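> Got a sequence here, can you model it:
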Amino acid sequence: MASASRGFIPVLHAATDSRPDEIDTLIAADAVANALASLGYGAEIVALDLDLRAVEALKERRPHVIFNLVDAVRGDGRLAPMVPALLDALKLPYTGAPTAAWLDTLSKIATKLKLEHAGLPTPVWSADGKGLDPDQRVIVKPVWEHGSLGMDASSVVRGRAAGRAIAERHARWRTQHFAESYIPGRECNLALLEGAGGVEVLPIAEILFEGFGDGTPEIVGYDAKWAPESAAYLGTPRRFGLERDEPVLAAELKRLALASWALFGLSGYARVDFRVDRAGRPFILEVNVNPCLSLDAGFAAAASEAGLAYPDLVGRIVDAARDVLQASA
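So this is what the prediction gives:
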């Protein structure tokens, strides 16, 4: 893109066009680069691969900051922390969470262990299916992937079948799985954005479940996230207004999201996902240190609901990264 007066910002990703979730990262990179250009930065999209040589070459170009969109390398989420770790070693400032937070949240099991130790609510879980109530429904999830890879209605089984389902999905997707209690109820996403006055919780998004048949698990699976023409996608719209309609629940969700931010040492921006059971009790499902930033994603929608245009959202993320750099100088 054309040179600009405010400095050079490379937009890093390591996505391919092999899966819809990977393609969405490519779309997000374009959107972020365009937003940066509109703010007066010289933006350039930089695609990474396993050797990461392109990162080292950036040091000589003295970037204002690096916009890190890498959440997987060649589709493997376990490799994502290599990028912030290398940027730390090169002493290059970057957006989003630090390496330690990446490592603490990369595994959903490690995340849950840390939440439990801190006394924060998360669904009961099992790495191998043992110890779960055999008659209660559980949901089988990938440990390392944060894009709901392979998740659909068949991911929800009875506890007695969890061990078999974990093994089958491990063999099919060639990645580790675990099981946690399926929480019948509601799902909410809380986007957190850092600013000059500290971290801000953007308007709460609730995911609605429309047109799900009797007994069909109400989950946000892979198609609901990445297949716009699918029934699952069309049947899971988001709505805002929880703060107005249910202020007590909204306040508790915000408290838990901010506690998660502090517990994992997050910075820049993040998203915390919740289930809320029939009694109104929230459970933390996931702490996402690198939520999707495409124009139609939930984070951008929450920012828009807060009156923040997309370029201003991107600018806030850049400013937060610079603030971290100045604080550490």
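
> now the strands for this protein?
Using DSSP state E, the strands assigned to the chain run over residues 8-13, 42-47, 67-68, 125-126, 137-142, 156-158, 177-181, 185-195, 198-201, 205-207, 238-239, 269-277, 282-288.

> so which of those strands gets nearest I166?
strand 177-181 (4.7 Å; C-beta to C-beta). C-betas here are computed from N, CA, C, even on glycine.

> contacting residues around the closest one?
Residues from elsewhere that reach strand 177-181 (C-beta atoms under 8 Å, 6 or more residues apart in numbering): 108-109, 112, 122-129, 132-133, 136-143, 157, 159, 162, 165-166, 169-170.

> One more pass at 7 Å, please.
108-109, 123-127, 129, 132, 136, 138-143, 162, 166, 169-170 (C-beta atoms under 7 Å, 6 or more residues apart in numbering).

> Next: stretch 200-207.
186-193, 220, 236, 238-240, 242-243, 250, 253-254, 257-258, 298, 301-303, 305-306.

> Just want the angle from the worst-scoring helix or strand of the chain on mean pLDDT to strand 269-277.
Every helix and strand of the chain was ranked by mean pLDDT, DSSP states H and E. The lowest is helix 310-328, at a mean of 87. Between the axes of helix 310-328 and strand 269-277, defined by axes from the mean of the first three to the mean of the last three C-alpha atoms, to 10 degrees, the angle is 110 degrees.

> In terms of secondary structure, what does helix 310-328 contact?
Judged by 3 or more C-beta pairs under 7 Å, 6 or more residues apart in numbering; DSSP states H and E, the packing partners of helix 310-328 are helix 20-38, strand 185-195, helix 298-305.

> quick one: average pLDDT of the longest one?
Translated: helix 20-38. Mean per-residue pLDDT for helix 20-38: 96.

> what comes up buried for it?
Of the residues in helix 20-38, 21-22, 24-29, 31-38 count as buried by neighbour count, 16 or more other C-beta atoms under 10 Å.

> and which of those residues is nearest M151?
Nearest to M151 among those, with distances taken as C-beta to C-beta, is D21, at 11.3 Å.

> Excluding covalently adjacent residues, which one is nearest to that closest one?
The shortest distance from D21 to any non-neighbouring residue, by C-beta to C-beta, 6 or more residues apart in numbering, is to G147 (3.8 Å).

> So what does the one you found look like in phi/psi?
phi -110, psi 20 (degrees, to the nearest 10).

> For the buried ones among the contacts of strand 177-181, write the corresponding ChimeraX selection.
A single ChimeraX command selects the buried members of the contacts of strand 177-181 (16+ other C-beta under 10 Å):
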select :108,109,123,124,125,126,129,132,138,139,140,141,142,143,162,166,169,170
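
> Beta-bridge partners for R239, please?
Counting by DSSP bridges, R239 forms beta bridges with E206.

> And for I66?
With DSSP bridges as the rule, I66 is bridged to Y94.

> Going forward, count from 56.
Sure, I'll start counting at 56 from here, so that last one is I121.

> Any figure for the gap between it and G240?
39 Å (C-beta to C-beta, to the nearest Å).

> who's more crowded, these two?
I121 (25 against 18; other C-beta atoms under 10 Å).

> Hmm, the more buried one is touching L67, no?
Yes - in this structure I121 lies within contact range of L67 using C-beta atoms under 7 Å: 6.1 Å.

> List only buried entries from the contacts of stretch 255-262.
So, by 16+ other C-beta under 10 Å, the buried ones in the contacts of stretch 255-262 are 241-248, 275, 291, 293, 295, 297, 305, 308-309, 312-313, 353, 356-358, 360.

> sorry, back to before: among the buried residues of helix 75-93, which one lies nearest to P337?
D76 (25.8 Å).

> just for the stretch 256-384 of the chain, where's the confidence low?
Applying pLDDT under 70 to the stretch 256-384 of the chain flags residues 380-384.

> Mind doing that once more with 90?
Low-confidence segments of the stretch 256-384 of the chain (pLDDT under 90): 267-271, 281-282, 377-384.

> In contact with L308, which residues are there?
Applying C-beta under 7 Å, 6+ apart, we find L308 in contact with C243, L245, I259, F329, P337.

> go with 8 Å
Contacts for L308 (C-beta under 8 Å, 6+ apart) come out as C243, L245, I259, L297, F329, V331, P337.

> any idea how far the residue nearest to V110 when sequence neighbours are not counted is from A135?
Sequence neighbours aside, L141 is the residue nearest to V110 in space, at 5.3 Å (criterion: C-beta to C-beta, 6+ apart). Separation of L141 from A135 (C-beta to C-beta) stands at 11 Å.

> which of those two has more neighbours?
The residue with more neighbours, out of L141 and A135, is A135; 22 against 16, by other C-beta under 10 Å.

> from memory that one sits against V125, does it?
Yes - contact criterion C-beta atoms under 8 Å: A135 and V125 qualify, at 5.5 Å.

> Need the overlap of contacts for these two.
Common contacts of A135 and V125 (C-beta under 8 Å, 6+ apart): A69, N345.
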